[in-house]
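Engineer: Structure, please.
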Amino acid sequence: MDVKNLYNKDKWEIVKTLNSTEFQNEYKYDGELGAIYSKEKTIFKVWSPVSKKAFVKFYDKNGVIYEVEEMKEDEKGIFILTKEGDLDGTFYRYAFEINNSSTEACDIYSKAVSLNGEFSVVVDLNSTDPKGFNEDIKPNLNSPLDSIIYEMHVRDFTIDKTSGVFNKGKFLGLIEDGTKYNSVKTGLDHLKELGITHVHLLPVFDYKSVDESKFDTNDYNWGYDPDNFNSIEGSYSTSPSDFKSRIKEFKEAVLKLHESGIRVVMDVVYNHTFEGDNSNFNKTFPMYYYREWDDGSFSNGSACGNETASDRYMFRKYMIDSVKYYAKEYHIDGFRFDLMGLHDIDTMKEIREELDKIDKSILMYGEGWTGGNTPLREDLRALKVNTPKYGKMQIAAFSDDIRDGVKGDVFNSYARGFASGGEGFEETIKCGIVASTNHSEIDYNRVIYSNGPWANEPYQTITYNSAHDNYTLFDKLTISSGSSKEEVIKMNKLIANITLTSNGIVFLHSGEEFLRTKRDLNGNIIENSYNSPDCVNKLDWSRKEKYQDVFNHYKGLIKLRKKYKEFRLESSEDINNKIRFQDTGIRNLIYYKINSENNLICIHNGNKENKVVKIDNGSYKILLDHKGIYKDNVHFVGKFIEVLGRSSVILEKIDK
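Structural biologist: A predicted model of the protein is given here:
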């Protein structure tokens, strides 16, 4: 079929053509795309079936064009140009003649870009490898359920003066040794002290909204506004104008984190681009890479102005190519998919299959929801509710059930949860404890957002209580409960107890372990800080010193989780067989036994008041109570135990 004059048709006919099996079969291409570099030559390959002609424009480093070469059209809508010589460092763009008009765009497969993503750059990637990168060994991970993920924004983590870091807000700042605030460790040493296994980095690909040419404390974004997916963001580099610096420094960060026993997860935002009409994708092939309504207008399931079309062959290929590229070139250990519900299930399955060929321990997880209405059929979306369609694959969704069950609805500032004075969350918490798998003792009709188990296996669930979105945990509890700081700290610890002893893959928001708050200069709590200045988003390391008891609590819980496999059971069958919930008749209290190698009792009291709970008569070792985690053998003998208000008790039976 000839598509050179596609745009002379009505828009609904264009959409119909782009969605057709005939178009896909005729024009799908499985080969390598982009600037394929060697020291002898570079092959430029771009896919644009609707273009009548395509060109490569070459620019000097001042952005002045010095040469234009026409590309040769090949099969399946591919245009090719082979340029002899070593082109490492060459700036370029593609130009297309489409429907009697001309467009110019960066290469959507760019592996390097100039300042602010203005030009694509040919790059010798071997020259960006730091010393020892080829010998990089990933930290051991026996099971995805051993993961304890720590979500951070590169800039937030070290930007404050209290971090003690020299390269503040940069990739290199993540990996400085020996940094402190007074007597407490900060930065990388803090991560090692805490004991997490993975850092989850908010977007580090090239995004649009921050000017890389200046270092302005008010010029800030989380990075969910993609520009060049396969290139690294320059504002995190110590030399943003040097296109190789950002690549090398990110690789240095990955290498040092690996050497420190920490794996690296990338937050990837393939569901939309910063711009729609003017994006590099749309200039390369108008309308193809995005979903549209029948009238030809962009759909907006991302709530960001557009949504990409993972169900179209060549964008699916793009996503797969991109993820594989990061896994291989940068040694990335996991991918978190923003608004994963906008991607189709088949695409997510294919990505998992390809990652398994590289390294089965690479994590995959994402948001099992959309940001708005989408033309993609609901049964095809990678939604939380469709997780069973993955079978046994390790593709996880965030559990909004346990997130809001412990603290209250994130979209209602004053809503309370199990730990903060809410009522009726017992079944929701139980569902979270079993990682949303099928358990015979849970009434799923009383779970807040799910009317049944939605995960086949525990490694398909992300167990968490807060993330970069919405209020920090401490701020949410402060606002919703109206309680004293002492009571809020009790709530925070109780929520940590539940999160870090529940099944699934555990996820923590950076700073949660020392009561992170986001306040502006007037003291107002900020809920959505996506573009707020550093004064709001920074991690204030003085809070670690001030709330060291809370930090030590988290640190102890992580050690406890790593020591006892009972908190990370490998299968839904194990969970259903080994966890037994007990009916105490006490509202807002969860009591369950884990019958395993170490027979454990876990009790979570969400009430403000102390509660006395009847347990089996016997001798127990106290692992945790309101005083914290016990390092020494502290024994308890009896058949009743008092659980203080807003606290937990975990016991190990020793007279087996």
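Engineer: For Ala396, see how far away Leu600 is.
Structural biologist: 24 Å (Cβ to Cβ, to the nearest Å). Every residue, glycine included, has its C-beta placed from N, CA and C.
Engineer: Which one's more surrounded, those two?
Structural biologist: Between Leu600 and Ala396, counted using other Cβ atoms under 10 Å, the more crowded position is Ala396 (30 against 23).
Engineer: Would you mark the buried spots in stretch 36-49?
Structural biologist: Of the residues in stretch 36-49, those buried by neighbour count under the rule 16 or more other Cβ atoms under 10 Å are 36-37, 42, 44-49.
Engineer: In strands only, show me these.
Structural biologist: Of the positions in those, 36-37, 42, 44-47 sit in strands, assigned by DSSP state E.
Engineer: could I get those as CSV with pLDDT and distance to Lys639?
Structural biologist: Output for these, formatted as CSV (pLDDT from 0 to 100; distance: Cβ to Cβ, whole Å):
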residue, pLDDT, distance to Lys639
Ile36, 98, 72
Tyr37, 98, 72
Thr42, 98, 76
Phe44, 98, 76
Lys45, 98, 74
Val46, 98, 74
Trp47, 98, 71
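Engineer: okay, among the residues you listed, which ones form the most distant pair?
Structural biologist: Tyr37 and Trp47 (18.4 Å; Cβ to Cβ).
Engineer: Bridged to Phe507, which residues?
Structural biologist: Listed beta-bridge partners, Phe507: Ile149 (assigned using DSSP bridges).
Engineer: my guess is it contacts Ser466, does it?
Structural biologist: No: when contacts are counted by Cβ atoms under 8 Å, Phe507 is not listed as touching Ser466 (9.1 Å).
Engineer: Other residues contacting the lowest-mean-pLDDT helix or strand in the chain?
Structural biologist: Least confident helix or strand, the chain: strand 635-643 with a mean of 90, by mean pLDDT, DSSP states H and E. The contact list for strand 635-643 (Cβ atoms under 8 Å, 6 or more residues apart in numbering) reads 589, 603, 605, 610-622, 625-626, 649, 651, 654.
Engineer: In the protein, where is pLDDT below threshold?
Structural biologist: Along the chain, the model assigns pLDDT under 70 to residues 656.
Engineer: change it to 90
Structural biologist: 1, 100, 214-219, 596-598, 617-618, 631-638, 654-656 (pLDDT under 90).
Engineer: Distance check, the residue nearest the centre of it against Glu151.
Structural biologist: Geometric centre of the chain, nearest residue: Arg336, 3.4 Å, by Cα atoms, centre = their mean. From Arg336 over to Glu151 the distance is 8 Å, taken as Cβ to Cβ.
Engineer: Give me the common contacts of those two.
Structural biologist: In terms of Cβ under 8 Å, 6+ apart, Arg336 and Glu151 are both contacted by the residues His200.
Engineer: and the nearest residue to Pro453 once chain neighbours are set aside, how far is that from Asp267?
Structural biologist: Leaving aside its sequence neighbours, Pro453 sits nearest to Asn438 (Cβ to Cβ, 6 or more residues apart in numbering; 4.1 Å). As for Asn438, its distance to Asp267 is 30 Å (criterion: Cβ to Cβ).
Engineer: Then His331?
Structural biologist: Taken as Cβ to Cβ, the span from His331 to Asp267 is 16 Å.
Engineer: thinking again about what came up before, just list the residues touching the residue nearest to Pro453, thanks.
Structural biologist: Counting by Cβ under 8 Å, 6+ apart, Asn438 makes contact with 453, 572, 576.
Engineer: gap between the second one and Ile505?
Structural biologist: Going back to what we said before, that points to Ser572. 14 Å.
Engineer: who has more neighbours, the two?
Structural biologist: Shown here are Ser572 and Ile505; by other Cβ under 10 Å, Ile505 has more neighbours (29 against 22).
Engineer: And that one, its phi and psi?
Structural biologist: Ile505 has phi and psi values of phi -90, psi 120 when expressed as degrees, to the nearest 10.
Engineer: shouldn't it be in contact with Leu363?
Structural biologist: Yes: counting by Cβ under 8 Å, Leu363 is a contact partner of Ile505 at 7.3 Å.
Engineer: Check the contact lists of these two and give me the overlap.
Structural biologist: Here Ile505 and Leu363 share the contacting residues 144, 147, 149, 396, scored by Cβ under 8 Å, 6+ apart.
Engineer: ok, now which ones touch the first one?
Structural biologist: When you say that, I think you mean Pro144. 361, 363, 394, 396, 459, 505.
Engineer: since we're on the residue lying closest to it once chain neighbours are set aside, how many residues are nearby?
Structural biologist: Nearest residue to Pro144, sequence neighbours excluded (Cβ to Cβ, 6+ apart): Tyr459, at 4.4 Å. Using other Cβ under 10 Å, Tyr459 has 28 neighbouring residues.
Engineer: Equivalent analysis for Thr478, please.
Structural biologist: Thr478 has 22 neighbours, counted by other Cβ under 10 Å.
Engineer: Likewise for Ser322?
Structural biologist: 19.
Engineer: Same question for Ala253.
Structural biologist: 25.
Engineer: for Tyr325, same thing?
Structural biologist: Counted with other Cβ under 10 Å, residues neighbouring Tyr325 total 17.
Engineer: What's the separation between the residue lying closest to Asn617 once chain neighbours are set aside and Ser619?
Structural biologist: Once flanking residues are discounted, Asn617 sits nearest to Lys639: 4.1 Å by Cβ to Cβ, 6+ apart. Plainly put, Lys639 is 11 Å away from Ser619 if you go by Cβ to Cβ.
Engineer: One more: Ser237?
Structural biologist: Taking Cβ to Cβ, one finds Ser237 at 58 Å from Ser619.
Engineer: A helix includes Ile80, no?
Structural biologist: No: looking at Ile80 with DSSP: H, G, I helix; E, B strand; the rest coil, it is strand, so not inside a helix.
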